[in-house]
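Enquirer: got a predicted model here, sequence first, then my questions.
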Amino acid sequence: MSAVRVGLLGLGTVGAGTINLLQRNNDEIARRAGRNIDVVSAAARHLDRPRACSTDGIRLTTDPFSIVDDPETEIVLELIGGYEPARELVLRAIDNGKHVVTANKALIAKHGNEIFERARDRGVTVSFEAAVAGGIPIIKSIREGLTGNRIQWLAGIINGTANYILSEMYYNSREFAEVLAEAQRLGYAEADPSFDVEGVDAAHKLTILASIAFGIPLQFDKVHVEGIGHVSREDVAYAEELGYRIKHLGMCKWTEDGVELRVHPTLLPERQLLANVDGVMNAIMVMGDAVGPTLYYGAGAGAAPTASAVVADLVDVVREFNVEPESRVPYLAFQSTALSDQPVLPMSAVETAYYLRLEVLDEPGVLADVTRILGSNGISIEAILQKEPAPGADDVPVIILTHRVKERQMNAAQEQMEALPAVQGRINRIRLEQLQ
Ligand SMILES: NC(=O)c1ccc[n+]([C@@H]2O[C@H](COP(=O)([O-])OP(=O)(O)OC[C@H]3O[C@@H](n4cnc5c(N)ncnc54)[C@H](O)[C@@H]3O)[C@@H](O)[C@H]2O)c1
Ligand SMILES: N[C@@H](CCO)C(=O)O
Ligand code: NA
C-alpha cells in the first residue's frame, strides 16, 4: 500500500523531532499503522537554516498555505504554535477535508470549540495528544481508558519549564533567570517563555484536560491563572522545613456548585508522588469514582518525547481513515451533543489550605493579633514557624499553614493582617493541597 502523505507546518524543536522519529522507527511504526507514514512536504520560515533533522526527500516551502491546499496532503501536522496563523491554517486544512494533528495547546484551548465543530461538519479528525504533558499519553488515557468513571478531580504538573525552574531552585538554589535560559536552550520553553512562567501554558493544558475529564466546553478564559513568579527560594526552603514541596499545579475539580479550574503554585506534602516529580518531567493524578487515584508520569517537553505523542496521533489517524466519523472517539471524550453546562466556580468560593509568609516587626503582641484575625475569619492554624531576623534586619519572617478555607475568607483575613502596623508589605500566600 502507498505511504501516507503528511504535510508538516513548522520545522522547529517538535517538527525536527517528529521527522527524526519517523525516520528512526519507520518499520516499527509501519507495522503498527499498516502503512508507511512519510513527511512529503514541510513549511519553514527560512529554507536555508541548519536543522536538527535531515530534510532529504521533503519538499520545503515558506508558504504553509500551499501545503494545506495541496491535494496530495492527506494529514496536516501543525507544529508552528501560537494562535495565528495556526488557527487559519488548521481551519483551511479541515475545509479541504484533511485530517489534522497538532501539538498546539494554545490553539486547542482557545479555538478548539470552533475547530472541532468545523471538523465534525467535514468528518475529519483533529488529534492533539502532544498538546498536553508532552509524551505522556494522558489524552488517550482519559478519553479512552477511564470512560467508565465519573472523574472527580485531576491535578497535574503540566508545564515542564516551570517544573524545571522550581526543581533547580530547590535542589541547586539556582537563579530563576539562569534556569529559564537553560530551559529555552533545551527546547522546553514556549516561543514566548512568559507563557511558561506566568502559568498561561499550564492553563491552556488544564482547559483541555478539564473538558475531556468532565465533558464541558473548552473555557480557557475562565481558568484562574497564577505563575511561579512569586515563589522565592525562601518559600521553597520554609516549605521544606514544614515537610512540603512547592509545585506548579493545574487542578480541576467537579463540585455540585460548579467546576474548579485553576493553575497556581501549590505546597504538596513531600510524601506525595506528585511532590517528587522533578525537572522537565510531568505527572497528572486523575481521580475516578470507580478506579480511585491514577497517576501518569513522563517527559512533559523536549523534541523526542513530544514527537512520541505526535507519531502516536499520526498512527491513530491512519488507523481511522476508513472509520465512519460518528464511530470515532469524540474530540472532547463526550458526544458533542452531550456536553454539560455546569458553571465554572468563582475563585472566591474555592476551598484550599494556605501557606502564608508574613514579614513582621519583632515586637510583643504581633503574633497574637495575627492569630486573632485568622480566628475571627474562621481560619484555623495547622502550623506556625517564626524565623530569626536576617542580620541587621528589623523584621522577622513568620510562616503560617492554615486548614482549608474559602478564598473569600482568606482575602478578608489577608487585608486585615496587612493593615496591622507591625506587618510589613504584602503577605505572600501560596495554596496547599493534600490531594486525598
Ligand atoms: N517544545 C516542546 O517541548 C513542546 C512540547 C509539546 C508541545 N509543543 C508545542 O509544539 C508546537 C511547536 O513547538 P516547538 O517547540 O517546536 O516550537 P519552535 O519555535 O521550535 O518551532 C516552531 C517553528 O515554526 C516555524 N514557523 C512559525 N511560523 C511559521 C510560518 N508562518 N510558516 C512556517 N513556519 C513557521 C518557526 O520558524 C519555528 O521553526 C507549539 O505549539 C508548542 O506549544 C512543544
Ligand atoms: N513549554 C511547554 C512545552 C510542553 O508543552 C512546557 O515547558 O511544558
Ligand atoms: Na500527551
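Expert: Perfect, I can see it now. Numbering: from 1, shown residues only. Ligands and ions are numbered 1, 2, ... in the order given.
Enquirer: how about the spatially most distant residue from the centre of the chain, secondary structure?
Expert: Relative to the C-alpha centroid of the chain, counting by Cα atoms, centre = their mean, P364 is the outermost residue, at 45.0 Å. What DSSP: H, G, I helix; E, B strand; the rest coil gives for P364 is coil.
Enquirer: same question for V100.
Expert: Per three-state DSSP, V100 ends up strand.
Enquirer: how about the contacts made by the residue of the stretch 301-436 of the chain at minimum distance from ligand 1?
Expert: In the stretch 301-436 of the chain, the residue that lies nearest ligand 1 is A301 (3.3 Å; Cβ to the nearest ligand atom). C-beta here means a position set from N, CA and C on the backbone, and glycine is covered the same way. Each residue near A301 by Cβ atoms under 8 Å, 6 or more residues apart in numbering is listed here: 134, 160-161, 187-188, 280, 282.
Enquirer: check G199 too.
Expert: Neighbours of G199 in contact, by Cβ under 8 Å, 6+ apart: 159, 162, 225-228, 248, 263-264.
Enquirer: mind doing that once more with 6 Å?
Expert: Shown in contact with G199 (Cβ atoms under 6 Å, 6 or more residues apart in numbering): 225-227, 263.
Enquirer: and it, how far from A106?
Expert: Distance, G199 to A106, using Cβ to Cβ, to the nearest Å: 13 Å.
Enquirer: equivalent analysis for L249, please.
Expert: 19 Å.
Enquirer: what of S127?
Expert: From S127 to A106 the distance is 16 Å (Cβ to Cβ).
Enquirer: check Q184 too.
Expert: 17 Å.
Enquirer: those two: who's more crowded?
Expert: A106 (24 against 15; other Cβ atoms under 10 Å).
Enquirer: these two touch, right, that one and A202?
Expert: No - in this structure, A106 is not within contact of A202 by Cβ atoms under 6 Å, at 11.6 Å.
Enquirer: got the residues of the chain near ligand 1?
Expert: Proximity of the chain to ligand 1, by Cβ under 6 Å from any ligand atom, involves residues 9-15, 43-45, 64, 79-81, 85, 103-105, 130, 134, 187-188, 190-191, 301-302, 306.
Enquirer: out of these, who's near ligand 2?
Expert: Checking these against ligand 2 (Cβ under 6 Å from any ligand atom), the matches are 134, 188, 190, 301.
Enquirer: surely H99 is in contact with V126?
Expert: No - taking Cβ under 6 Å as the definition, H99 is not a contact partner of V126, at 7.4 Å.
Enquirer: who's more crowded, the two?
Expert: The residue with more neighbours, out of H99 and V126, is H99; 27 against 24, by other Cβ under 10 Å.
Enquirer: tell me the bridge partners for that one.
Expert: Here H99 sits in beta bridges with I75, going by DSSP bridges.
Enquirer: just list the residues touching it, thanks.
Expert: Counting by Cβ under 6 Å, 6+ apart, H99 has contacts 75, 124-125, 317.
Enquirer: any chance of those residues in CSV, plus neighbour count, secondary structure and pLDDT?
Expert: As requested, those are exported to CSV (neighbours: other Cβ atoms under 10 Å; DSSP: H, G, I helix; E, B strand; the rest coil; pLDDT from 0 to 100):
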residue, neighbour count, secondary structure, pLDDT
I75, 24, strand, 98
V124, 21, coil, 97
T125, 21, coil, 98
V317, 24, helix, 98
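Enquirer: ok, those residues vs ligand 1, which is closest?
Expert: Distance to ligand 1, by Cβ to the nearest ligand atom, is smallest for I75 among the contacts of H99, at 16.1 Å.
Enquirer: okay, helices next: where are they in the stretch 151-300 of the chain?
Expert: For the stretch 151-300 of the chain, applying DSSP state H, counting those that start in this stretch gives helices covering 160-172, 176-185, 194-197, 200-214, 233-241.
Enquirer: the first one and ligand 3 in contact?
Expert: Think helix 160-172. No - Helix 160-172 is not in contact with ligand 3 by Cβ under 5 Å from the ion; minimum separation 11.5 Å.
Enquirer: ok, now the fourth one?
Expert: No - no part of helix 200-214 sits near ligand 3 under the criterion Cβ under 5 Å from the ion; the closest distance found is 9.0 Å.
Enquirer: between that helix and helix 160-172, how many degrees?
Expert: With axes from the mean of the first three to the mean of the last three Cα atoms, to 10 degrees as the basis, helix 200-214 and helix 160-172 are set at 110 degrees to each other.
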